[in-house]
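Asker: Prediction below, plus the sequence it came from.
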2 protein chains.
Amino acid sequence: MVGIIDEIKPLMERFESTLVDIDPSEFVEVNEVVTHILTSGGKRLRPLLLLTAGEMVGLTEEHIFLACAVEMIHTATLLHDDVIDKSELRRGRPTANAEYGVPASILFGDYLYTKSLRLLLKYGNDRISNSLLSVVKLMSEGEIKQMLKSHSPDIGEAVYFEVIEAKTSCLFELSCDMATLLILNKDHEYVRACHSYGHHFGNAFQITDDIIDYRSYTEVMGKTAGDDFAEGKVTLPLIHLLKNCSSAEKKMINDLLVLDQKNSDQIRRDRFPEIVDLMHRYHSFDYCDAVANREIESARNSLKVFSDTVYKKSLISLAEQIADRRC
Amino acid sequence: MVGIIDEIKPLMERFESTLVDIDPSEFVEVNEVVTHILTSGGKRLRPLLLLTAGEMVGLTEEHIFLACAVEMIHTATLLHDDVIDKSELRRGRPTANAEYGVPASILFGDYLYTKSLRLLLKYGNDRISNSLLSVVKLMSEGEIKQMLKSHSPDIGEAVYFEVIEAKTSCLFELSCDMATLLILNKDHEYVRACHSYGHHFGNAFQITDDIIDYRSYTEVMGKTAGDDFAEGKVTLPLIHLLKNCSSAEKKMINDLLVLDQKNSDQIRRDRFPEIVDLMHRYHSFDYCDAVANREIESARNSLKVFSDTVYKKSLISLAEQIADRRC
C-alpha cells in the first residue's frame, strides 16, 4: 500500500536498522525471535506518520527512537490480538501465534511493551509520557470493551467509534503526538493539527480494515476473511446491515451472533457468504466507503495549518491510499 | 501464610481500599472485573514487604500508591501466566483464565500493566522508574527464557537461578527498591540491604513454590500439583533428581521431558507419582529445603544494618514463614 517518498526513504532505512539493533536483550535467543517478529512485513505506517510529521515540525535524532517505540507497541498489540482472535495468517504469513504458539506470543508481546517503554522514557519527555500512558490505557480498555460488546447485535455507530478510536486511532494519534510533542508544547496549533490528522487517519484505516474483513478473500489479502463475523464482532458493515435489512434477516443475523456453543464460530463462518450477499444487496459497503472517505477528508483538512511541503503532501497521499486497499 | 503485625494492619487496610478505588476506568464493566480480579485472595506479600520496608526507612503517602502499583504488576503477570500454563486453579479458586477466558486474561493483564505504570510515573521518581523498567524487562525475559528452556533436561542450577531471579525474585527486589528509593539514593546502605533481602526472599519463595508443585496435593494447596512436570518445566527438585538418580531413571525422565505429541502433558501427568517417589528416594526434597533455608538465612542477614524494630522483626518473620508452606 505505502508509497514512500524519496525524502523519507533514508530516514525509514535508519528506522529499520535501529529497530532491530536497539537495546538488545542479553539473551541471544530472545533477540533472534524479536528480530524475526519485528521484520515480518509490517507496513510501518505509524513510524512513517511519525517521521513525516516530525519533518514538518523539525526532525531530531530522538524521532527515530520514538518511531521504534511506537512500532514496538503496535507489534505487541498484534501479538496479543492474534492470540485473542486465534488468527493464523497476518500479512500473508503465519502469525507468531501459529508459528511459536500462545505462550511465546503473550511473552514476546509483554517484552516488546516494556522495551518500548524504556525507549519512550529515555528519549521522550513528560508531555510524551503522559500522552503515551493515556493511550495505552485507552487501547487496552478499547480491546476489553470490544470483547465485552462482542455478540451484542444492538451496538450502534457511537459505540463502534468509541471502540475503534480506543483500539486503533489513538496509536496513530500518539505517533503524531510524539512527532510534535518532542519539540512543541501541547497547545501549539501544529500539535493539535497532527493529532487530529492521526485521529481521522486511524478511523479511516480501521473502518477500511473492517470493510475488507467482509469484502475480501484470503488470496488477495493474506488474511482470512470473515474473522470478525466468525468471532461475533459487530463492526460498521454489520451495523449498517442490521439497521437496514428486513426484520426476518435481522432475526437470522441476531440468532447467529448470540449463538453460544462449541462450534458457533464455525457455524458463523459457514454462513458468512450469505451475510456478504446481504451487505451487497443493502449497499452496506457503499455506506462504509462513504464513512471512510469522510474520515480521509477530515484527515486532509486537519493539515490546513501547514504550508504545502513535500511532507504535507506525503501525509495527504498516505491518507488517500487507505481507500486503495478497500477490496 | 501471612501473619500481619498490628503495626502494619491499618496500612494494609488503606492499601486494600486504595487498590480497588484508584484511577478507575470510565467503563464500569472494566472496573467490576478488575476489582474482582484484584480481590481474589492474593497474599499481598509484595505490598507487605514494600510497606514494612517503607516503615523502616520512613513511610510516606506515596508508599501506599506504589504498593498498589506493584500488586497490579504481580496480578498482571499472574493473568498472563495462567493463560500460558493453562492453569485452572489458583489460590483454591478458578483462575481468571478459567472464569473469563483467554482474551479477557490477556487484555486485563495488559490493562493492569498500564495502570501500574501510570501510578509509578505519577507517584515514583526517576530512580524508581529506572528500577522498574529493568525489572519488567528482566521479568518478561525470564519467562521467555523459561519457555525456551522447557523440556531441556540438561539445564543446571545456574540457569535455574537465572530464571527464578528474573521471573520472581526481581519483583520482590523492586518492592523493596520502591520502599527505599522513594526517599534514599540508590547507593545508600539501606537500599542495598533491602534489595538484598527482597532478592533472597524471592529466591526462597520460588524454590518453595517449585518444591510444593511436586510434594503437595490439590486438596491442601488449592493448586493442581504436578503442573511443572506436566508442562516439562525443569525446576530445582527435578534438577536434583536428574543429577542423582540412576542412568536408567535419568533416561526415563529425559524421554518423558522431550516427548512431543498432542497428549504429552497428560502422559507426564500420569507418570507424576513415580517421579515424586523417586524424589523421596533420592532426598531431592531435603536438598531443596536446604537450599531454600539458605536463602531465608541470607534474607535475614541482609537486614543486619537495621536496628531491631518491630518492622525488621516482621520482615524476618515473613521470610521464616516461607518455610511453613513447604508441604
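Answerer: Nice, I can see it. Residues are numbered from 1 along each chain as shown, chains lettered A, B, ... in the order given.
Asker: I figured A:Leu59 hits A:Leu51, correct?
Answerer: Yes - using Cβ atoms under 8 Å, A:Leu59 is in contact with A:Leu51, at 7.2 Å. In this view, the C-beta of every residue, glycine as well, is placed from N, C-alpha and C.
Asker: Show me whatever sits in contact with both of those two.
Answerer: A:Leu11 (Cβ atoms under 8 Å, 6 or more residues apart in numbering or on different chains).
Asker: Name the SS class of the residue located most distally from the centre of chain A, please.
Answerer: Residue farthest from the centre of chain A, counting by Cα atoms, centre = their mean, is A:Ala248 at 34.4 Å. Under DSSP: H, G, I helix; E, B strand; the rest coil, A:Ala248 falls in the helix class.
Asker: For it, give its distance to B:Ala104.
Answerer: Here A:Ala248 is placed at a distance of 34 Å from B:Ala104 (Cβ to Cβ, to the nearest Å).
Asker: and the host helix or strand of A:Leu107, which residues are buried?
Answerer: A:Leu107 is part of helix A:102-123, with elements assigned from DSSP states H and E. By 16 or more other Cβ atoms under 10 Å in any protein chain shown, the buried positions in helix A:102-123 come out as A:102-121, A:123.
Asker: before we move on, what about stretch A:37-47?
Answerer: In terms of neighbour count (16+ other Cβ under 10 Å), stretch A:37-47 has its buried residues at A:37-38, A:40, A:42, A:44-47.
Asker: Quick check: mean pLDDT of it?
Answerer: The average pLDDT within stretch A:37-47 is 90.
Asker: Ok, stretch A:12-21 next?
Answerer: Rounded mean pLDDT across stretch A:12-21 is 95.
Asker: Could you export that stretch as PDB, CA atoms only?
Answerer: Provided in PDB are the C-alpha atoms of stretch A:12-21 (Å, rounded to 0.1, in the frame of the first residue of the first chain):
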ATOM      1  CA  MET A  12      13.000   4.900   7.200                       C
ATOM      2  CA  GLU A  13      16.100   2.900   6.500                       C
ATOM      3  CA  ARG A  14      17.700   4.300   9.700                       C
ATOM      4  CA  PHE A  15      14.500   3.500  11.500                       C
ATOM      5  CA  GLU A  16      14.600  -0.100  10.200                       C
ATOM      6  CA  SER A  17      18.200  -0.700  11.300                       C
ATOM      7  CA  THR A  18      17.700   1.000  14.700                       C
ATOM      8  CA  LEU A  19      14.500  -1.100  15.300                       C
ATOM      9  CA  VAL A  20      16.400  -4.400  15.300                       C
ATOM     10  CA  ASP A  21      19.600  -3.200  16.900                       C
END
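Asker: distance between it and the chain's centre?
Answerer: Here stretch A:12-21 is found 21 Å from its chain centre; the criterion is Cα atoms, centre = their mean, to the nearest Å.
Asker: contacting residues around it?
Answerer: Contacts for stretch A:12-21 (Cβ under 8 Å, 6+ apart): A:4, A:34-35, A:38-39, A:44, A:47-48, A:51, A:64-65, A:67-68, A:71-72.
Asker: what sits against A:Gly232?
Answerer: Contacts of A:Gly232 (Cβ under 8 Å, 6+ apart): A:150-151, A:257-259, A:264-265, A:268.
Asker: Near chain B, which residues of chain A are found?
Answerer: Taking Cβ under 8 Å from any Cβ of the partner chain as the criterion, chain A approaches chain B at residues A:25-27, A:29-30, A:33, A:80, A:83-84, A:102-104, A:106-108, A:110-111, A:113-115, A:117-118, A:121, A:129, A:133, A:136-137, A:140-141, A:143-145, A:147-148.
Asker: give me the number of residues near A:Asn301?
Answerer: When neighbours are defined as other Cβ atoms under 10 Å in any protein chain shown, A:Asn301 has 13 of them.
Asker: Which pLDDT value belongs to it?
Answerer: Looking at A:Asn301, its pLDDT reads 97.
Asker: ok, it to A:Val291 distance?
Answerer: For A:Asn301, the distance to A:Val291 equals 16 Å [Cβ to Cβ].
Asker: ok, now how distant is A:Leu181 from A:Ala225?
Answerer: 38 Å.
Asker: Repeat that for A:His195.
Answerer: Taking Cβ to Cβ, one finds A:His195 at 33 Å from A:Ala225.
Asker: repeat for A:Met178
Answerer: 33 Å.
Asker: Which one's more surrounded, these two?
Answerer: A direct count of neighbours by other Cβ under 10 Å for A:Met178 and A:Ala225 places A:Met178 higher, at 32 against 20.
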